[in-house]
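Q: Quick one, fold the following:
(one chain, ligands or ions: 1)
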Amino acid sequence: MALDVANDNDLQEKILAENRRVHALESSLYLERHPEQTNFFQTGILNKSLDRFCAELGHQESHILELGCGTGFLTLPLLKRGHRLTGVDLSHDMLRVLRKKISEPAKSRVTLKASGVEDFLETDSGTHDAVVLSALLHHLYDVESTVQRICAKLSAGGCLLIFFEPLKQEIASSLRFTLHKGIARIDESVYRLEMRLRRIPLFEEDYELSDYQRRFGGIDPNHLHEILRSQDMEIIDTEKYCSRRYGLPAFFATHLLGTENTFNLLAKKR
Ligand SMILES: C[S@@+](CC[C@H](N)C(=O)[O-])C[C@H]1O[C@@H](n2cnc3c(N)ncnc32)[C@H](O)[C@@H]1O
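A: Now for the predicted structure:
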């Protein structure tokens, strides 16, 4: 038993170390390398999700905790909407890029902390109006205990937005899945060509453990629902759709094929 605990700690440390390393490599051109987060289809989803999230929050200048904030995919639009943010990320390099993107007037409304979420949640003594995270959970060794700890940090009525996570799911129709694989292959080939032409390296060989939850097929929102409900959270909305590098294939796969590989979840503390 003691040996298992030692092995678990070892694996967790390896995942953290690889996340630090790959995000140092990715930091300078992070969102350029990930057009699946910035294409028109995903931007529409992001804007709608933030509208909904801000409406649930109810007040204009909430204090939001953002975990795994990276180079500011959620931080920057939330600052534009007038909120105050504490952004936490494991990677100094991602935070360095984010710092440069924050406008002078918004700087007084942001605090950035370089830390793993696991350590941060253990040591942070405050409670928050809201917690947001985008594309973080699938990088973690232990999603369940992290989500439980996040819920404990929310004040009553506080909101949690889990955004852009890989969806773990059964294949509903093999025909639609095959068509989707065809779209995905073309989408990915064009992306690789674009990255090569723009001389943006992809660092694929550097990834082994850092997307840890992808090894289990992604994150199951139903499992998250169970964890959240056990923490006195009400599920407000779960949105599932198909993300692709480019907007048109994402739109086509989501609306015509009905295939899904990504989800967002909004919940509120009772
Ligand atoms: C896929 S990136 C997403 C960044 C940003 N949220 C976005 O949506 O563009 C994942 C981010 O989580 C950070 N990260 C990974 N594991 C972490 C951990 N255990 N604690 C804190 N941050 C972590 C990485 O450094 C990286 O910035």
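Q: Apart from its neighbours in sequence, what residue is nearest the closest residue to the ligand within the stretch 51-200 of the chain?
A: Going by C-beta to the nearest ligand atom, the ligand is nearest to Gly70 of the stretch 51-200 of the chain, at 2.5 Å. Where C-beta positions appear, they are placed from N, C-alpha and C, glycine not excepted. Leaving out its chain neighbours, the residue that sits closest to Gly70 by C-beta to C-beta, 6 or more residues apart in numbering is Met94, at 4.7 Å.
Q: Give the next helix or strand downstream of the helix or strand hosting the one you found.
A: Met94 is part of helix 92-101 when elements are defined by DSSP states H and E. Following helix 92-101 in sequence order, the next helix or strand is strand 110-114 (DSSP H and E).
Q: count of neighbours near Ser91?
A: Residues within reach of Ser91, counting by other C-beta atoms under 10 Å, total 25.
Q: From what I see, it and Asn19 are in contact.
A: Yes. The criterion here is C-beta atoms under 8 Å, and Ser91 meets it with Asn19 at 7.2 Å.
Q: could you pull out the helices for the stretch 51-200 of the chain?
A: Counting by DSSP state H, counting those that start in this stretch, the stretch 51-200 of the chain has helices at residues 75-80, 92-101, 117-123, 143-152, 174-197.
Q: For stretch 22-41, measure first residue to last.
A: Stretch 22-41 has its terminal residues 26 Å apart, counting by C-alpha to C-alpha, to the nearest Å.
Q: Do it and the ligand come into contact?
A: Yes. Contact of stretch 22-41 with the ligand (C-beta under 6 Å from any ligand atom) involves His23, Gln37.
Q: contacts for that stretch?
A: Applying C-beta atoms under 8 Å, 6 or more residues apart in numbering, the contact partners of stretch 22-41 are 42, 70-71, 73, 89-94, 96-97, 134-135, 164, 191, 195, 198, 200, 202-203, 206-207, 210, 243-248, 250-251, 254.
Q: Out of those residues, which sit inside strands?
A: Of the contacts of stretch 22-41, the ones assigned to strands by DSSP state E are Asp89, Ser134, Phe164.
Q: count of residues packed around the nearest residue to the second one once chain neighbours are set aside?
A: Nearest-residue entry for Ser134: Phe163, 4.1 Å, with adjacent residues in sequence omitted and distances by C-beta to C-beta, 6+ apart. Taking other C-beta under 10 Å as the neighbour definition, Phe163 ends up with a count of 24.
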